[in-house]
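Q: could you work out the structure for the sequence below:
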Amino acid sequence: MQKRKSTPPWRSKLTPYQDEILTAWYQERATLKTIQSRLKKYGISITLSGISRFIRCRKTSTDPHQPPQPIKSAAPPKDPLAELTEKSVAQLETEWQEEQRKK
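A: Numbers count the residues shown, from 1 in each chain. From the prediction side, this is the model:
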């Protein structure tokens, strides 16, 4: 009798292919059947419901084996007074004159 190849109970056999599966599902809008056929190329046989459960469990959670992504903060709003003080008097005069001509 051949022993079944298994992974530890806390780790899915799909974990190494997580990025590929989630990209195919969310960005490429691939079907579960398509994802299943892609996984067969790697020698992984899994049911459609198994793939569905894997996606559902990982759509909001992150992989504990990967380091956390740094949080990108938005640039602080620019102060209008700082904008004026950065410009020279000549630039300010030119802009003012152009606005007056438009009116």
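Q: restrict the least confident helix or strand in the chain by mean pLDDT to CA atoms and write it as PDB.
A: The least trusted helix or strand in the chain, going by mean pLDDT, DSSP states H and E, turns out to be helix 80-86, with a mean of 77. What follows is the C-alpha trace of helix 80-86 in PDB, where atoms were taken according to Å, rounded to 0.1, in the frame of the first residue of the first chain:
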ATOM      1  CA  PRO A  80      -1.200  76.800   0.600                       C
ATOM      2  CA  LEU A  81       0.900  79.200   2.600                       C
ATOM      3  CA  ALA A  82       4.000  77.000   2.100                       C
ATOM      4  CA  GLU A  83       3.300  77.000  -1.600                       C
ATOM      5  CA  LEU A  84       3.300  80.800  -1.700                       C
ATOM      6  CA  THR A  85       6.500  81.100   0.400                       C
ATOM      7  CA  GLU A  86       8.300  78.700  -1.900                       C
END
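Q: ok, now how distant is Gln97 from Lys103?
A: Look at Gln97 and Lys103: by C-beta to C-beta, to the nearest Å, they are 11 Å apart. In short, each C-beta sits where N, CA and C put it, glycine included.
Q: ok, these two, which is more surrounded?
A: More crowded of Gln97 and Lys103, by other C-beta atoms under 10 Å: Gln97, with 10 against 4.
Q: mind listing what's buried along whichever strand or helix holds the more buried one?
A: Taking DSSP states H and E as the criterion, Gln97 maps to helix 89-102. When neighbours are counted by 16 or more other C-beta atoms under 10 Å, no buried residue of helix 89-102 is found.
Q: Ile51 and Ile21 touch, don't they?
A: Yes: using C-beta atoms under 8 Å, Ile51 makes contact with Ile21 at a distance of 7.1 Å.
Q: intersection of neighbour lists for those two?
A: Residues touching both Ile51 and Ile21 (C-beta atoms under 8 Å, 6 or more residues apart in numbering) are Leu14, Ile35, Leu39.
Q: alright, I will stop here.
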